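**Q** quick one, structure for this:
(2 chains)
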Amino acid sequence: MSKVIFANLVRFFFLIIIQVFLLKNVGYYNLATPFLYILFILLLPFNTPNLLLFALSFLAGLTVDVFYDTPGVNAAACTVLALVRIIFIDVTVHRDGFDNEPEPRLGIMGFRWFLFYAIVATLFHHITLFLLETFHFAEIQYTLVRVVLSSLLTILLILIAEFIFYKKKLR
Amino acid sequence: MRNLWLFISKYNAFFLFVIFFVSSLTLLLRYNSYQKASVLNSSNQVVGTAFENVNHFESYLNLGRVNDSLATENARLRGMLKLSKSNDSVVQKAVNDTLTHQQYTYIVAKVINNSVNQKNNFITLNRGKKHGIVKGMGVISTGGVVGIVADASDNFSTVQSVLNNDTRISATIVGSNAPGSLIWGIGNFDYRQAVLQDIPNDKQVKRGARVVTTPYSAIFPAGIPIGTVIATDKKGGSSFLDIEVKLSVDFSNLGYVYVVNNLMAAEQLQLEANSKKDE
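**A** You can find the predicted model right below:
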């Protein structure tokens, strides 16, 4: 248990640092800006209680917000992401499988499931994020282009990160 | 109660989502000035567009009356042609232009929102800064003085109409030359009447005399009609008259107005400010 907490704590700090010091300066003009830190929320263990999941998501979003000077935007997007995660896992994973599959990782759940999971979660997060950031529907095409391009970049980074820390478990 | 608790715990994800999402939106709206302003702005945009659309339909209903007023104005303008005047019109003409300098230009605007029943009435026009309107310009219509521009955005402007407690318009009675100020809303909320104050009581004021703007203000050209005298009220002991004026503009039915741009206003105000400084 303490090992899981420690691993997630390290992951949290590592991803936030990468996000606010490196990825904040990375991007294709204003169109594609990656938000890799949501990987922390994606990789929380299956048996995380809902309250803890929401609280951690909110906290992660708020931490990034503090560095981005946009209080509330990332926090709201991460809250949406947490809800999407709960629903998605509820629909696709059987409850009794939790014991031998502790975390929703690429190496454990398989490439297809993880790719789908990452795409759905990232899209919802980015749609919320960019809509709240622009805050009007006047330039909706521009906002949608930003959502799609940023999602592509984020998903690519998530997959790369997962392949680097690939742990194939034999079942 | 137990059922309620079961219900909440069964759908706890949704309730937790609502709680956290609302708190993050609160943060968003409280600490981000852009989003905060945007909420107000977009509503303003919505309101402005709505008014404009409604007015677009209303303007069809009013076409008959607008036609009438345009015809009346045509007749009035025709009357002002040199052809239909004898020589004594020189005095009136000299106010507005000399041969080489234009002092006043007029910007046509359409009234898109209007009120006559408030304590302080404002009018919204569909012209703004883009069209050269700035705060403090005078607004007149076919009938006479309407108000003073209170504020202007890019495309719209609001006019503090004569029917406003804070509006003071420098006015005089034709033939007397004593400047007074026209006010509205002190014990009187009839949109057809206003009160002219500060006219000394030694002046002879007849019923039906015309009330016009004075040449002393930088806002309106001299001689723009305001209304006609309907009653003079001599209060005992006071050296000034309170004159009831029937307004010549029908504020309940405003269509098109003209915003007065005094090209020499800045110069006049600057000069007056300088003289005051010297004192």
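**Q** please name the residues that touch the residue of chain A found nearest chain B.
**A** Proximity to chain B, evaluated over chain A using C-beta to the nearest C-beta, is greatest for A:G72 at 3.1 Å. For the C-beta atoms, the positions are set from N, CA and C on the backbone; glycine is no exception. Contacts for A:G72 (C-beta atoms under 8 Å, 6 or more residues apart in numbering or on different chains) come out as A:65, A:132, B:24-32.
**Q** most surrounded residue in those residues?
**A** Of the contacts of A:G72, B:S24 is surrounded by the most neighbours, 27 neighbours in total, counting by other C-beta atoms under 10 Å in any protein chain shown.
**Q** which strand or helix spans that one?
**A** Element membership of B:S24, judged by DSSP states H and E, is helix B:12-31.
**Q** next, count neighbours for A:F13.
**A** The number of residues packed near A:F13 is 12, by other C-beta under 10 Å.
**Q** so where's chain A shaky on pLDDT?
**A** Where chain A drops to pLDDT under 70, the residues are A:94-101, A:167-171.
**Q** residue most distant from the centroid, it?
**A** Most distant residue from the mean C-alpha position of chain A: A:A138, 27.4 Å away (C-alpha atoms, centre = their mean).
**Q** phi, psi for that one please.
**A** Phi and psi for A:A138, reported as degrees, to the nearest 10, are phi -70, psi -40.
**Q** and chain A, which residues reach chain B?
**A** A:50-51, A:54-55, A:57-58, A:61-62, A:65, A:70-73, A:75-76, A:79-80, A:82-83, A:86-87, A:132, A:135-136 (C-beta under 8 Å from any C-beta of the partner chain).
**Q** let's see 6 Å
**A** For chain A, the contact set with chain B under C-beta under 6 Å from any C-beta of the partner chain comprises A:50, A:54, A:58, A:71-72, A:75-76, A:79, A:83, A:86, A:135-136.
**Q** give me the subset of these lying in helices.
**A** Mapping those onto helices (DSSP state H) picks out A:50, A:54, A:58, A:75-76, A:79, A:83, A:86.
**Q** the helices in chain A, which residues?
**A** Here chain A has its helices, by DSSP H, at A:2-17, A:38-42, A:50-68, A:73-92, A:106-109, A:111-134, A:140-164.
**Q** out of the ones you listed, which is closest to B:S181?
**A** Among the helices of chain A, the nearest to B:S181 by C-beta to C-beta is helix A:111-134 (49.5 Å).
**Q** can you point out the buried residues in that closest one?
**A** Burial within helix A:111-134, assessed by neighbour count using 16 or more other C-beta atoms under 10 Å in any protein chain shown, is assigned to A:114-115, A:117-118, A:120-134.
**Q** please state the offset of that helix from the chain centre?
**A** 8 Å (C-alpha atoms, centre = their mean, to the nearest Å).
**Q** could you do stretch B:56-73 as well?
**A** On the basis of C-alpha atoms, centre = their mean, stretch B:56-73 sits 20 Å off its chain's mean C-alpha point.
**Q** buried residues in it?
**A** By neighbour count on 16+ other C-beta under 10 Å, the buried set for stretch B:56-73 is B:S69.
**Q** what's next to that stretch, contact-wise?
**A** B:142, B:255 (C-beta atoms under 6 Å, 6 or more residues apart in numbering or on different chains).
**Q** then stretch B:200-208?
**A** In contact with stretch B:200-208 (C-beta under 6 Å, 6+ apart) are residues B:176, B:178, B:228-229, B:232, B:239, B:241.
**Q** with stretch B:157-177 instead?
**A** Residues from elsewhere that reach stretch B:157-177, judged by C-beta under 6 Å, 6+ apart: B:116, B:120-125, B:128, B:133, B:139, B:147-151, B:179-182, B:184-185, B:191, B:196, B:203, B:209-214, B:216-217, B:226, B:251.
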